[in-house]
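[1] no letters, just coordinates:
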């Protein structure tokens, strides 16, 4: 644990135990989303499914990266991941992004995907609000994840016909915002 890091965050007025709990729950959401997106992506078949598959894969890989980037900060602040995977899954900040009853229903698949991203956007916005001007490292990390989650949401939202977002699919680059935390 980085004792001075925790001390400085506490002195800035952040409830570090609450923050660590939020970070652990969001890390749980990222890892479980990675798992469920693997299943969803595998079931994106046919002409409509294939059009969504590449975007689902980028979101899946980036969610794994978000998990990897969150873990060091959790431990720096004196937290830890649960010892049991089922416990970790069940405390996730977002409900599981499970395969819909009819995996050939692309609208249902996209709804699962966009709702998972919207939950993530809410979670990281909350962490940014808690840490803004008080915990610079957690704020920066959460803001970087938030930027990627907003892009994911916009991609799936466009496929649902909710309107243009102005975001474009990235080519050859994953986690452009979070990558600095993965070095």
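    Sure, I can see it. Bear in mind the structure is a predicted one, so any value in this text is a computation, not a measurement.
[2] ranges for the helices of this protein?
    3-11, 16-42, 46-76, 85-90, 106-131, 136-159 (DSSP state H).
[3] to residue 171, which of those lies closest?
    helix 46-76 (9.8 Å; Cβ to Cβ). Glycine gets a C-beta too; all of them are placed from N, C-alpha and C.
[4] picking up where we left off before, need the helices of the chain in a markdown table (columns: mean neighbour count and mean pLDDT).
    Below are these laid out as a markdown table (neighbours: other Cβ atoms under 10 Å; pLDDT from 0 to 100):
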| stretch | mean neighbour count | mean pLDDT |
| --- | --- | --- |
| helix 3-11 | 14 | 94 |
| helix 16-42 | 20 | 98 |
| helix 46-76 | 19 | 95 |
| helix 85-90 | 13 | 96 |
| helix 106-131 | 20 | 97 |
| helix 136-159 | 21 | 96 |
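[5] which residues does stretch 86-101 contact?
    22, 24-26, 28-29, 31-33, 36-37, 39-40, 43, 81-82, 108-109, 111-113, 115-116, 119-120, 123 (Cβ atoms under 8 Å, 6 or more residues apart in numbering).
[6] circling back: adding distance to residue 180, write the helices of the chain out as CSV.
    Listed next are the helices of the chain as CSV, based on distance: least, Cβ to Cβ, whole Å:
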stretch, distance to residue 180
helix 3-11, 17
helix 16-42, 17
helix 46-76, 9
helix 85-90, 26
helix 106-131, 16
helix 136-159, 7
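[7] how about the ones you listed, which one is nearest residue 175?
    Checking the helices of the chain against residue 175 by Cβ to Cβ gives helix 46-76 as the closest, at 4.4 Å.
[8] now for that closest one, which elements pack on it?
    For helix 46-76, the elements it packs on are helix 16-42, helix 106-131, helix 136-159, judged by 3 or more Cβ pairs under 8 Å, 6 or more residues apart in numbering; DSSP states H and E.
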